[in-house]
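K.L.:
fold the stuff below for me.
(2 chains)
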Amino acid sequence: MLAAGPAHDALSGRPGLFEAAVVGVAAFRSAAKAAGTAVCVTGRVPVCRHNAAHVVQAVSAFSALGAVAVELELLGTDLDADVVKAAEQAAVVQGIWLHVPGHSLFPAPVDRVEAVR
Amino acid sequence: MRQSGRIVVALVGVNAPGYRSLANAYLAEAIKADQRLPEVWVNRIELSTAMDPWWIAYQLLDVDPHPDVFGFSVVCWNARTVYETVRLLKRARPDAYVVLGGPEVGPVAEETLAKHPDVDVVVRGEGEVALPEILHSLARGGDPGSVPGVSARSGDTIVSGPAAPPIEHLDSIRSPFQAGEHATDGSAFLETYRGCPHRCAYCYEGKGSTRIRSYSWDRIAADIEAIASTPGMKSFSFIDPVFNLTLERLERLAELMAPWAARGIRLHTIEVDIERVDAGQAALLAQAGVVSVETGPQSVGATALDVCARSLDRDRFRAGIEACRSAGISVECDLIVGLPGDSGSDVLEGIDFVLGCDPGKVQMSTLHVLPGTDLWMRADELGLVFDREPPHEIIQTATMTYTELRQLEVLGNAACVAYRARLPRKDS
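P.N.:
Numbers count the residues shown, from 1 in each chain, chains lettered A, B, ... in the order given. Coordinates of the predicted model:
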């Protein structure tokens, strides 16, 4: 996800893409619940200079979708420390773990699960 | 009421949704069994923490006939709801007598009475003797404050009776299970002994002692039969702190449970000392119908383990999990965030360790500094800052800041959810 709502559509150049993602994740979770299958929703936000200002909103959008972790994928750019801090705060207070390569103290939870197996 | 010689008692369980209070089941039987009491009507009212205290109070005040005495079993996670309910109850029924018991209030009885003026009596230990004594005292117009194991309000002062010894012969407690007073499928719990062999600093199970008091094997067999033969019962659990307390005990329990296991009865979430589980013990657990066990390590940090009076042998821990898995038993590993001495790195190492053991389920919880525990009494010395209000969550420690703790809670939850959603191993 590049951003939340219309900003995601604008950045991706595909109108309706954000809503489609929301509907898709909800359907995935609903199907998993119906099947009695435990699932884990995690998010990935590719970050470049065009969407750096939208990171916090993207994290919140993932929170609304029930994600437990989000990774910021830095595409040839480093984020301003204030942006990382704001995103980390927004994530933690919404119960989401935010992983930012080069910034996070801890590896992403999903990577941690995979690494020890 | 008391003038007429009849006492109406409401034992109120404010439970996690779907559960019934086992404590109230025991207390109800103890009251019924006491021949000294005048006519006593006991009404068990099972409610949920999901309810608003106003509606809990509504249900309690709508009981007919009006209870003279309300008894609540209080634990850290229902305490706020209970206190608010009691406050409302006493505004509407100032003549009602309110008795509290349970691990949240027993160790801090006088403080509880001082802080909550609507509470009349706090039972400091086991209630099966104390509560009938309180009722007996009320029936005679006496002062419950002189009852052993009880602290009570007497006018403007708070008085405490002498300490009550633990109930020596547990068989003297009437069985709620044989009276049919147990919960339904999946939420029924049975105890075969009281006490705990361990003295973990964060836990109140042993109440400061490592002494074990057991029911007789005849009583245990009869209780198992009472639960297992209940129509519709498919699974239940034991609340014993260590199910494999000794090999002999495990063998006996497996022998008693085996006929029921053969009929499809399963035991879930049995607490075990995993480091003592080898192939033989795992086979006994399977014979007893155990499908899931719960265990530590709570922490892998050397300092935290030392301060909390726990030990961890990683090789034996892994071997125990492997033995359970080979016997088809799922293991739930528990970790606690916020133990004294643990750093963020220790918590992360703990997550890595338990995930590496691939137990089946991992659960992380935040430290609650509970009344009566070593951590409660040593909090200042250990640099533990915690919420004095229930449920007493840790705020910060000498080695972890408030923000680090909250971050680790979030990270731990994400790791547990990710692990739960993993693809199972090919051999599991």
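
K.L.:
show me where pLDDT drops low in chain A?
P.N.:
A:104-117 (pLDDT under 70).

K.L.:
nearest to the middle of it, which residue? Look it up for me.
P.N.:
Nearest to the mean C-alpha position of chain A, counting by CA atoms, centre = their mean, stands A:Gly43 at 3.3 Å.

K.L.:
sec struct for that one, please.
P.N.:
Following DSSP: H, G, I helix; E, B strand; the rest coil, A:Gly43 is assigned to strand.

K.L.:
mind listing what it touches?
P.N.:
Contact analysis of A:Gly43 by CB atoms under 8 Å, 6 or more residues apart in numbering or on different chains lists A:1, A:58-59, A:62, A:65, A:67, A:69-71. C-beta here means a position set from N, CA and C on the backbone, and glycine is covered the same way.

K.L.:
go again using 7 Å as the cut-off
P.N.:
Residues near A:Gly43 by CB atoms under 7 Å, 6 or more residues apart in numbering or on different chains: A:1, A:62, A:67, A:70.

K.L.:
ditto for B:Ala309
P.N.:
Contacts of B:Ala309 by CB under 7 Å, 6+ apart are B:199-201.

K.L.:
which parts of chain B sit against chain A?
P.N.:
B:348, B:351-352, B:355-356, B:358, B:406-407, B:410-411, B:413-415, B:417-422 (CB under 7 Å from any CB of the partner chain).

K.L.:
out of the residues you listed, which are inside helices?
P.N.:
Of those, the ones assigned to helices by DSSP state H are B:348, B:351-352, B:355-356, B:406-407, B:410-411, B:413-415, B:417-420.

K.L.:
max-length helix in chain A?
P.N.:
Chain A, longest helix under DSSP H: helix A:17-35.

K.L.:
hmm, back to that, so which of the contacts of B:Ala309 is the closest to chain A?
P.N.:
Of all the contacts of B:Ala309, B:Cys200 has the smallest distance to chain A: 25.6 Å, by CB to the nearest CB.

K.L.:
how close does the residue in the stretch 51-200 of chain B that chain A sits nearest to get to B:Ser365?
P.N.:
Closest residue of the stretch 51-200 of chain B to chain A, CB to the nearest CB: B:Gly186 (15.7 Å). Going from B:Gly186 to B:Ser365 by CB to CB, to the nearest Å gives 21 Å.

K.L.:
swap in B:Leu335?
P.N.:
Applying CB to CB to B:Leu335 and B:Ser365 gives a distance of 8 Å.

K.L.:
and the two? Which one has more around it.
P.N.:
Between B:Leu335 and B:Ser365, B:Leu335 has the larger neighbour count (other CB atoms under 10 Å in any protein chain shown), namely 24 against 15.

K.L.:
what sits against the more buried one?
P.N.:
Here B:Leu335 is in contact with B:298-299, B:350-351, B:354, B:364, B:412 (CB under 7 Å, 6+ apart).

K.L.:
residue contacts, B:Phe189?
P.N.:
Per CB under 7 Å, 6+ apart, neighbours of B:Phe189: B:22, B:236-239.

K.L.:
out of those, which is most surrounded?
P.N.:
Within the contacts of B:Phe189, most neighbours by other CB under 10 Å means B:Phe236, with 26 neighbours.

K.L.:
so it is in contact with B:Thr184, correct?
P.N.:
No - in this structure, B:Phe236 is not within contact of B:Thr184 by CB atoms under 7 Å, at 9.4 Å.

K.L.:
packing partners for the helix or strand hosting B:Thr81?
P.N.:
Using DSSP states H and E, B:Thr81 maps to helix B:79-92. Where contact means 3 or more CB pairs under 7 Å, 6 or more residues apart in numbering or on different chains; DSSP states H and E, helix B:79-92 is packed against helix B:53-61, strand B:97-101.

K.L.:
just the strands in chain A please.
P.N.:
A:42-47, A:69-74, A:97-99 (DSSP state E).

K.L.:
does anything pack onto the last one? Which helices or strands?
P.N.:
I take that to be strand A:97-99. Using 3+ CB pairs under 7 Å, 6+ apart: strand A:97-99 touches strand A:69-74, helix A:81-93, helix B:402-420.

K.L.:
okay, buried residues for that strand please.
P.N.:
Residues of strand A:97-99 classed as buried under the neighbour-count rule (16 or more other CB atoms under 10 Å in any protein chain shown) are A:97-99.

K.L.:
skip the chain neighbours and tell me the closest residue to the residue of the stretch 151-300 of chain B found nearest chain A.
P.N.:
Using CB to the nearest CB, the single residue of the stretch 151-300 of chain B nearest to chain A is B:Val300, 13.0 Å away. Excluding the flanking residues, the one nearest B:Val300 by CB to CB, 6 or more residues apart in numbering or on different chains is B:Gly350, at 4.5 Å.

K.L.:
for B:Leu88, same thing?
P.N.:
B:Ala57 (4.1 Å).

K.L.:
one step back: any chance of a ChimeraX selection covering the buried ones in the residues of chain B next to chain A?
P.N.:
Burial among the residues of chain B next to chain A is assessed by 16+ other CB under 10 Å; the matching ChimeraX selection reads:
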select /B:348,351,352,355,358,406,407,410,411,413,414,415,417,418,419,421
